[in-house]
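What follows is a predicted structure for the sequence shown.
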Amino acid sequence: MSDMANVDVQREFVKGNEAICHGAIAAGCRHYFGYPITPQNDIPEYMAAHMGPLGGVFLQAESEVATINMLLGTAATGKRVMTSSSGPGISLMQEGISYMAGSELPAVIVNISRSGPGLGGIAPSQGDYFQAVKGGGHGGCRIPVLAPHSVQEMYELTMLAFDIADRYRTPVMILGDAIIGQMKEPYTPAPSKYPPPAPKSWATVGCAGRSRQHVKSLFLKDDDIERHNWKLDEKIHAIEAAETRAESYRLDDARIVLVAFGTAARVCKTVIQWARKEGIPVGMIRPITLFPFPKQLVHEAAGKADVVVVIEMNTGQMVEDVRIATSHHEKIRFIGKPCAMPTPDDLLADIRRIAGELS
Amino acid sequence: MSGNEKRAFDRPVFERPKSLVDVKTHFCPGCHHGIAHRIVAEAIDHFDLREKTVGVACVGCSVFLYDYIDVDVVEAPHGRAPAVATGVKRALPDRFVFTYQGDGDLAAIGTSEIIHAANRGENITVIFINNTTYGMTGGQMAPTTMLGQRTSTTPYGREFSTAGYPIKMAELLAQLEGVAFSARVATSSPAQIRKAKEAVRTAFDMQIRRMGLSVVEFLSTCPTNWGMKPNDARKRVLGEMIDFFPLGTFKERKQADFV
């Protein structure tokens, strides 16, 4: 009883977007640059109110193009820095994301995505999956992408994102959507397990006491740029080996395996509980890192399952990664809804039908 | 020889600035980047800033700044140097931060970034090299290309009816409240070089005194893409270019708006 009372005292009831800010501040981020776009405006508004009093920097840039380059400049000084945007704004940031990946600069980029393409709408969507996980910039760069499915994770994965960014010297993206960003639920803030690192020896802060150094992505000589690309490739493999994360939800005896991330995975959890009451053996893999993708887990589960159902708030993007992850292609199905959350009732009807086909 | 005469004799009259790296130039014969680099390096030495300077290099020939000036340098995407410099300066307000940008970089793709950094009064210094063409990409039209000037993308000469007019950045930026100092200089004669040195020193001083953004536009040469001998290129600056891009100081703030 006393333990529960303690927990209640610590819990807070906030929007997902706000939990991201709490996570960033807990991780020691004191530099935020951004440009308004729905549905993530709570983030710049929160940072505008809190960075100054914490002795940090908030700046509303003139565009997303300028924003990402302000990140680049601040990251080059070794400070923890973050921005947030939504689909169209992230498109404008892609140039800078590639430069930061090429220059090996750590930063956290939040995408509270909306429906597209183009101006699209402000409805929630997972339509930015390809953009996020297949690069996020020109020249073959890839960056880690984390997909929270609760307000608690909005907080915790933001702290993790800063840690991964610093450990591997890479930009890291948090991919949420309008629902997870706007939704309020209780969460328990905990101190970051990932304190800001010691001053970074590579940072360009003035060359006092050492020779000059450069942060750059230009390597004009063929040998140099090839070496640099292989180095970045090695880094990606190291991230794949150490940072791939996924949640297995009631997977052990599952004959029907759902694969879903973020908000869609949340709906799936409800549907799984309902279906289990009816005796349907359904479980889920929820990738927490969309890149690196949990290939091994998907392949093993697909081998044991009768059907693998990929459920996304788009017309089918992650389903391609599921196909790549496993050779059990005949078992894979897709259910999508591009610009809205799938309802648990509709999904349950689908699962019942699939279970019926199996019996 | 008296003591005074000996001291005068020993005193060097010319030497490499401390902040200029001792390497051979790779720039084309007659290019003025080297002169601008030297002037910047001398100003860094003058204010003893070498160890607390972060330079921001841009895209194009000017990116090679980091091969020549002996300070920490961050490389920015094309046109974005003022935004990168904003990030550096906001994170490290006590460091000296300058950008070094060409005309394509600052006056075309990066117009938004320079205008807004200037308007915010970012406490940075911008060295703007205007040679009226895109040098590294092979001599295409720049926003500063003169009317009638032939480039690889204005093969019949720039016409205002289709390609607009050359843009005067030093005058344009001087209009903005956040700008503390805006000047245009040239490096085609010893007298001009002396004035350019003064302008760069003033621009540096503005940042040191936290007065706002300072910018020095250099009229420069690109003999290779102009298809001229180095001396003819120098003469083009003295005649044609200065006619349209007048030298001088367009704004000099005397007092800071805020501290």
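Noted; the coordinates are in hand. Numbering: from 1, shown residues only, chains lettered A, B, ... in the order given.

so what's residue 77 up against?
Just going to use chain A. A:203-205, B:54, B:87-88, B:91-92 (Cβ atoms under 8 Å, 6 or more residues apart in numbering or on different chains). For the C-beta atoms, the positions are set from N, CA and C on the backbone; glycine is no exception.

that's the other chain; I wanted chain B
Residue B:77 neighbours (Cβ under 8 Å, 6+ apart): A:69, A:72, A:95-96, A:99, B:59.

Now tabulate these in JSON lines and tack on secondary structure and distance to residue B:78.
Formatted as JSON lines, the contacts of residue B:77 follow (DSSP: H, G, I helix; E, B strand; the rest coil; distance: Cβ to Cβ, whole Å):
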{"residue": "A:69", "secondary structure": "helix", "distance to residue B:78": "10"}
{"residue": "A:72", "secondary structure": "helix", "distance to residue B:78": "13"}
{"residue": "A:95", "secondary structure": "helix", "distance to residue B:78": "8"}
{"residue": "A:96", "secondary structure": "helix", "distance to residue B:78": "11"}
{"residue": "A:99", "secondary structure": "helix", "distance to residue B:78": "10"}
{"residue": "B:59", "secondary structure": "coil", "distance to residue B:78": "4"}
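
Could you dump those into CSV with neighbour count added?
Converted to CSV, the contacts of residue B:77 look like this (neighbours: other Cβ atoms under 10 Å in any protein chain shown):
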residue, neighbour count
A:69, 32
A:72, 31
A:95, 19
A:96, 29
A:99, 28
B:59, 22
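
Nearest to chain A: which residue in the stretch 101-250 of chain B?
Residue of the stretch 101-250 of chain B nearest chain A, by Cβ to the nearest Cβ: residue B:116 (3.9 Å).

Skip ahead from the lowest-mean-pLDDT helix or strand in chain A and say which helix or strand is next.
The weakest-scoring helix or strand in chain A, judged by mean pLDDT, DSSP states H and E, is helix A:2-10 (a mean of 50). Proceeding C-terminally, helix A:2-10 gives way to strand A:12-15 as the next helix or strand, assigned by DSSP states H and E.

Spell out which parts of the stretch 51-200 of chain B neighbour chain A.
Neighbours of chain A within the stretch 51-200 of chain B, by Cβ under 8 Å from any Cβ of the partner chain: B:51-54, B:56-57, B:63, B:66, B:70-77, B:80, B:83-92, B:95-96, B:112-113, B:116.

buried set for stretch A:37-56?
Of the residues in stretch A:37-56, A:37, A:39-47, A:50-51, A:56 count as buried by neighbour count, 16 or more other Cβ atoms under 10 Å in any protein chain shown.

ok, those vs residue A:173, which is closest?
Using Cβ to Cβ, residue A:40 is the member of the buried residues of stretch A:37-56 that lies nearest residue A:173, at 13.0 Å.

need the contact list for the closest one.
By Cβ under 8 Å, 6+ apart, the contact list for residue A:40 reads A:17, A:84-86, A:110, A:112, A:181.

again, but for residue A:125
Per Cβ under 8 Å, 6+ apart, neighbours of residue A:125: A:87, A:113-116, A:177-178, A:313-314, A:338-339.

thinking again about what came up before, can you add distance to chain B and secondary structure and give the contacts of residue A:40 back as a markdown table?
Below are these laid out as a markdown table (distance: Cβ to the nearest Cβ, whole Å; DSSP: H, G, I helix; E, B strand; the rest coil):
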| residue | distance to chain B | secondary structure |
| --- | --- | --- |
| A:17 | 23 | helix |
| A:84 | 16 | strand |
| A:85 | 15 | strand |
| A:86 | 20 | coil |
| A:110 | 17 | strand |
| A:112 | 22 | strand |
| A:181 | 25 | helix |
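
okay but residue A:192 is in contact with residue A:24, surely?
No - the criterion here is Cβ atoms under 8 Å, and residue A:192 misses it with residue A:24 at 9.7 Å.

shared neighbours, these two?
Contact criterion Cβ under 8 Å, 6+ apart; residues shared by residue A:192 and residue A:24: A:159, A:162.

Pick out whichever of the two has more residues nearby.
residue A:24 (31 against 21; other Cβ atoms under 10 Å in any protein chain shown).

Quick check, the residue in the stretch 1-150 of chain B closest to chain A?
Closest point on the stretch 1-150 of chain B to chain A, by Cβ to the nearest Cβ, is residue B:87, at 2.5 Å.

I figured that residue was touching residue A:78, is that so?
No - Residue B:87 is beyond contact range of residue A:78, at 11.8 Å (criterion: Cβ under 8 Å).

which stretches of chain B aren't confidently modelled?
B:1-6, B:257-259 (pLDDT under 70).

Need the buried ones from the contacts of residue A:125 selected in PyMOL.
Provided next is the PyMOL selection string for whichever of the contacts of residue A:125 are buried by 16+ other Cβ under 10 Å:
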select buried, chain A and resi 87+113+114+115+116+177+178+313+314+338+339
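
Thank you kindly, that will do.
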